[in-house]
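K.L.:
sequence unavailable; structure follows:
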Ligand SMILES: [Zn+2]
């Protein structure tokens, strides 16, 4: 019975998200969108349609609810209305209606579950947010040096969104950035670095070490495919999103079917200007040890390996 199944799924999402997300929602998210799905009417395979509570306005890219969209375009026939777009994948969304008495309208992806969107497509290939830049030693040393000088501010900003982000994970993602020569990106600014590191971290367990942790993942909207596109000349402000997943028991990492809620994460450079955040001494030692070793390895000339024929 599709209807019953839909309620069961919805209730499961509600129960888990109620207990897991309250603090994060209060701390950082201007708008937390709890996932609601409806079983497609009469669909025997019990596939679900995602209810998108807001979308990008067709004219000015504001994030608006269905009521606001209909206030502007409700006088037009449905086929004549300019399409709104999903804030994350930027694909077209249209208005569907629930099967309740009020025929409540909501946004849904026009392409349904086939949209190239992490909110709905559970078979979407892993998004690559990677560009290996040509090394620019001068720029790299200056940019990485500035980052290291304020590493506590950067880690603290990351922890504002992921409280259990460990200093070990922090060093691992910096090592990843080193390999990519992120610091040679000509448009990189310090204010964006914590958010880029969150995206590079891909799936992050909310409670590291737990057997079945919930997961977080951070993504820029689909218009940003690598760090140079975050600050393109003439482009709008970048949009970063936080996706929150329940534990996956059948796969190593979750997908759209496990999504609990999502929200936009405000990107703000103010974190660089406050007092130096408190970091445990053990974490400071770990970080300084990593920096010392990684700097030594960068300074050493690459070894040449000779093979006997
Ligand atoms: Zn989408």
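P.N.:
Looks like it arrived, so ask away. Not measured: the values here are computed from a predicted model.

K.L.:
what comes into contact with the host helix or strand of residue 193?
P.N.:
Secondary structure from DSSP states H and E places residue 193 in helix 193-200. Residues from elsewhere that reach helix 193-200, judged by C-beta atoms under 8 Å, 6 or more residues apart in numbering: 129-130, 147, 154-155, 157-158, 161-162, 170, 173-174, 176-177, 180, 182, 188, 204, 218-220, 227, 230, 240, 265, 267, 271. Using the backbone N, CA and C atoms, a C-beta is placed for each residue, glycine as well.

K.L.:
and for stretch 93-110?
P.N.:
So stretch 93-110 is in contact with 38, 41, 49-55, 66, 69-70, 78, 83-86, 89, 91-92, 115, 117, 119-120, going by C-beta under 8 Å, 6+ apart.

K.L.:
what about the ion: which of those residues touch it?
P.N.:
86, 89, 117 (C-beta under 5 Å from the ion).

K.L.:
separate out the buried members of the contacts of stretch 93-110.
P.N.:
38, 49-52, 54-55, 66, 69, 84-86, 89, 91-92, 115, 117, 119-120 (16 or more other C-beta atoms under 10 Å).

K.L.:
out of these, list just those in helices.
P.N.:
66, 69 (DSSP state H).

K.L.:
in the stretch 201-309 of the chain, which residue sits closest to the ion?
P.N.:
residue 222 (8.0 Å; C-beta to the ion).

K.L.:
next, residue 219: phi, psi?
P.N.:
For residue 219, the backbone dihedrals (degrees, to the nearest 10) come out as phi -140, psi 140.

K.L.:
cool, and residue 109?
P.N.:
Dihedral angles for residue 109 - degrees, to the nearest 10 - are phi -60, psi 130.

K.L.:
the ion versus that one, what's the distance?
P.N.:
6 Å (C-beta to the ion, to the nearest Å).

K.L.:
just give the closest residue to that residue, not the sequence neighbours.
P.N.:
residue 115 (3.9 Å; C-beta to C-beta, 6 or more residues apart in numbering).

K.L.:
cool, thanks, talk later.
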